[in-house]
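Trainee: generate coordinates for the sequence data below:
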Amino acid sequence: MKVRSSVFACFILVCEVLGVALFLRGFFPAPVKSTLSSNSRLLIFNPLISPSARPRPNASLPPRLFGRVVLMLVDALREDFLFGPNGRSFMPYTRHLVERGSAHSYVAKARAPTVTMPRIKALTSGSIPGFIDVVVNLNSHALQEDNLVSQAKAAGKRMIFYGDDTWLKLFPKHFQESDGTTSFFVSDYTEVDNNVTRHLDSTLRRDDWDMLILHYLGLDHIGHISGPHSSLVQPKLLEMDDVFKKIHSSLVSKEADGSPPYLLVLCGDHGMSEMGSHGGSSEPEVNTALLLVSPAFRRKGGLEQPLAVEQVDLAPTLALGLGLPVSQNSVGRVLPQILEELPLRDQLRLLHLNGHQLSLLLRDSLPHYQQDPGWEQFRVAEKAHGSWVKLYLEGNASEILQNVGQKVLKQYLQALASMSAALSRQLGRYDMYSMVVGLGLVFQLLVVLVLSMPESLSGAALVDVPLLPVLLSLPFYLLCLLLAALHVWLCTAARSTCFLCALPWGLAFTAVAVTALFLSLSPSGLWPRSSFSELDWLLLLGTLGHALLLGSSSFVEEEHQERPLQLNKEPWTDVKAEKWLALATPPFTLLCCRLLRSLNQTGVQWAHLPDLGHWLNSSEHKAALSLVAAVCLLLIYFLVQRKCSLVSKAALGLGLVGVYTYRAAIGNVSFPWQHSTRHAEKGTVEARFVYVFVLGILFSGTKDLLRSQLSSAPRLRTRGLWEVYAGLVLLVALLFRAHNLPVLCGSLLVQELMSRFVWSRLHYDAAQVTIMHYWFGQAAFYFQGNSNNIGTIDISVGFVGLDSYVEAPAVFLTALSTFSGPTLWSAHLLYVFLPCSSPAAVSHGCYVLALLCSVPCALFLLLITTLRYHLFIWSVFSPKLLYEALQLLLTAGVCLVYTAMETKPGLNQD
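Mentor: Have a look, this model is predicted:
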């Protein structure tokens, strides 16, 4: 059976997407959870008391340390905002309490991914959410895991919440009073906090609550809009300082003799990178401020260096402080500083509570838990604690009792630290069966793809797939039997369940048959009957070399440094008979790429260095940014309008004027006649003005494409495709930040020069042109400030022109902005192919795109399987895995569009 190579490539890519999805299902593990509930743990808790004298579950908990608790969470509160050199000017009252008040200050380290929903889970449950939680961050569901809020509700605590509505989604019907604000409308940094503060005066005067939780979002939104060094940061932190002062003053005024002391907690869920985003694992993103204020603490005599703790340590600290059970899946340890003023007996009791919970979780998490050093240390401390209790009950009040007690205290602290570290490393169990099957499927498809290269890149672009002979062959049936027997054996012998074993048997055996088909197909049926050309070897070896470099964590962090260098490898040397413009195009292109690369400094090692984008975005250079934006928009118009219809030209021009007006409305740029600074607005009306013209241009182009299908008019088809491309360019111009407009302008200029003076005049074939488009698209992805860190994703573009958060358009706009470089270069490649004299151009392009994307994806899956216990597996390699999966999905979608647009032989002739 012969199929066109475009159809063949699409089929391979779709199957690879399924294989990668299966691999992701096994790689991102569900966190290990204890088999016992918190209350069940208390039934077996106290080994120091005989079973006959063991108290009821609630009686085994010590009395609470604190009365009222106020948790004030300031989203994206970096530790240097409070503890750094600017802390006294940013938050003067809070900083005074840090230095002179009865407070304990910490630098709480969050774990990647540093996004809000997983961090709230960590703060309330003490567990470390899986990395895949970043995917569901936009649509949180109720938290079923044992947590502090649920324990407080079960204990009859009266709770009030105001702020980020993520809490209301995670804890529905837990608060007796609440008012949520959306966390994703990042253009608003004023009303979103005013809606929280307006409730404070009335709430603080009341006595009908035990716990008050506030989640302020304004600081995080400012970071997304203009970064941590924006002039908006200090006023916002002063506002937060005033709120903190109001709460503290109210708690002090209501303090009564004989009642438990209050506890006021100030913390951040995550930090903020130097670009203002978050999600990664850089120091500014993971280091958050944590401050605990209570009259139960010793008053400080001066500034002390904040202690470094884990963010998950807050959950067991609050639980024990409120007299609640520690969440069953918590990996945190109680902060010992809050116990310093308690009697030694109570300190040991609370540490033993925390240690017993960690030991049970360790038992459920590690198969050889008894060999863990933390387990041994805890058992030794527990025995010593029993001896100390015996001496205490005998009335021994000597110095020996105190010394033994302090020794037991240190043993408990060491055991807690060791067990917490061991549990943190054990994020969950990999589903190796799903990973291996997904990896095997992707590699089978890659082998089939590589072996079909000579036929796919031939003039006919037809691939002979011997499907029927393979289905009737004996090896196929033997492989089916072997794989089916292996599946049954693995699913019946494995103690732990896995995803594939949970599938219905019919679906599982269908997957077995498909796997056997590919195994039977790849060795002989598609073995090349012709040798590889020089281009084939260049394509294979170049892509393979880049893929192998992904095994280095430093390369993954700094891949944006390498992508532009690939453009130097293009075969631009044979230009002897061409004009001077053809000679000047390659060096001009390289110079343009070098300038665009200096716009955004991303990655990890050099992200802190200043770049051209920071210079342009500073308030002193607003006029320069305005000039750059205006010039870029003019060039974009002249480069795009020449192939559009008259109506689309007018719409494009008005749309680009609207883009500048939108940027002026939100305060990025200014008009020459503006002499005074105007208050920044949301720019909703201006953005919607641009959307109207975007839809108009897309409608005009789609209409021409449909008419060309009916009348077989190639010129109408070409114009329609260009107008669709022009509509995408206008939409991307609206979404790009003002300082990134040169990236869009430079890409369009390089496309025009390469199309006119290089690709056509030097008679490059479809495969070579596709390679260049792919690499230019990848370079543009990094030019706009992206990296292999999810923290560089600009989520603010998902709310351009929106008054409130709407999930579908927000996700679409964010995805389009992030992958605008590969998308626009892929769309331009299709336009280049349409007037091509070779009817196989689109098929060749689809195949080359499939190979360029499949090789690094398959090898990276193999590398990440090998390195799954690497130190940087969650902070470096896991985000790159998600990017590779999205890149594969995007390439599959592009190839499907190419195949649908592919013309039959003879249709492309005018």
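Trainee: ok, for Leu886, nearest residue in space, not its chain neighbours?
Mentor: Counting by Cβ to Cβ, 6 or more residues apart in numbering, the nearest residue to Leu886 once its immediate chain neighbours are dropped is Phe819, at 7.4 Å. For glycine as for every other residue, the C-beta is placed from the backbone atoms N, C-alpha and C.
Trainee: just the helices in the stretch 651-800 of the chain please.
Mentor: Using DSSP state H, counting those that start in this stretch, the helices of the stretch 651-800 of the chain run over 684-711, 714-735, 741-754, 766-783.
Trainee: adding mean neighbour count and distance to Phe812, write the ones you listed out as a markdown table.
Mentor: Listed next are the helices of the stretch 651-800 of the chain as a markdown table, based on neighbours: other Cβ atoms under 10 Å; distance: least, Cβ to Cβ, whole Å:
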| stretch | mean neighbour count | distance to Phe812 |
| --- | --- | --- |
| helix 684-711 | 18 | 12 |
| helix 714-735 | 23 | 10 |
| helix 741-754 | 22 | 18 |
| helix 766-783 | 24 | 18 |
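Trainee: and of the ones you listed, who's closest to Ala841?
Mentor: Checking the helices of the stretch 651-800 of the chain against Ala841 by Cβ to Cβ gives helix 766-783 as the closest, at 4.0 Å.
Trainee: tell me which helix or strand comes right after the closest one.
Mentor: Toward the C-terminus, helix 766-783 is succeeded by helix 807-818 as the next helix or strand (DSSP states H and E).
Trainee: roughly how far is that next one from the heart of the chain?
Mentor: 14 Å (Cα atoms, centre = their mean, to the nearest Å).
Trainee: how many neighbours does the residue lying closest to Gly19 once chain neighbours are set aside have?
Mentor: Counting by Cβ to Cβ, 6+ apart, the nearest residue to Gly19 once its immediate chain neighbours are dropped is Leu441, at 3.7 Å. Burial measure for Leu441: 22 neighbouring residues, criterion other Cβ atoms under 10 Å.
Trainee: mind starting the numbering at 393 from now?
Mentor: OK, 393 is where the count begins now, so the last one is Leu833.
Trainee: Leu833 touches Thr907, doesn't it?
Mentor: Yes: counting by Cβ atoms under 8 Å, a contact exists between Leu833 and Thr907, whose distance comes to 6.5 Å.
Trainee: low pLDDT regions in the stretch 993-1142 of the chain?
Mentor: For the stretch 993-1142 of the chain, the stretches flagged by pLDDT under 70 are 995-1000, 1066-1073.
Trainee: again with the stretch 743-892 of the chain
Mentor: Regions of the stretch 743-892 of the chain meeting the criterion pLDDT under 70 cover residues 759, 818-821, 885-889.
Trainee: how about the strands in it?
Mentor: Taking DSSP state E, counting those that start in this stretch as the test, the strands found in the stretch 743-892 of the chain are 854-856.
Trainee: how about the helices of it, start to end?
Mentor: Taking DSSP H, counting those that start in this stretch, the helices of the stretch 743-892 of the chain run over residues 765-785, 791-817, 824-843, 845-848, 859-863, 866-885.
Trainee: so which bits of the fourth one are buried?
Mentor: The reference is to helix 845-848. By neighbour count, and taking 16 or more other Cβ atoms under 10 Å as the criterion, the buried residues in helix 845-848 are 845, 847-848.
Trainee: then the second one?
Mentor: Judged by neighbour count (16+ other Cβ under 10 Å), helix 791-817 contains these buried residues: 793, 796-797, 800-801, 803-808, 810-812, 814-815.
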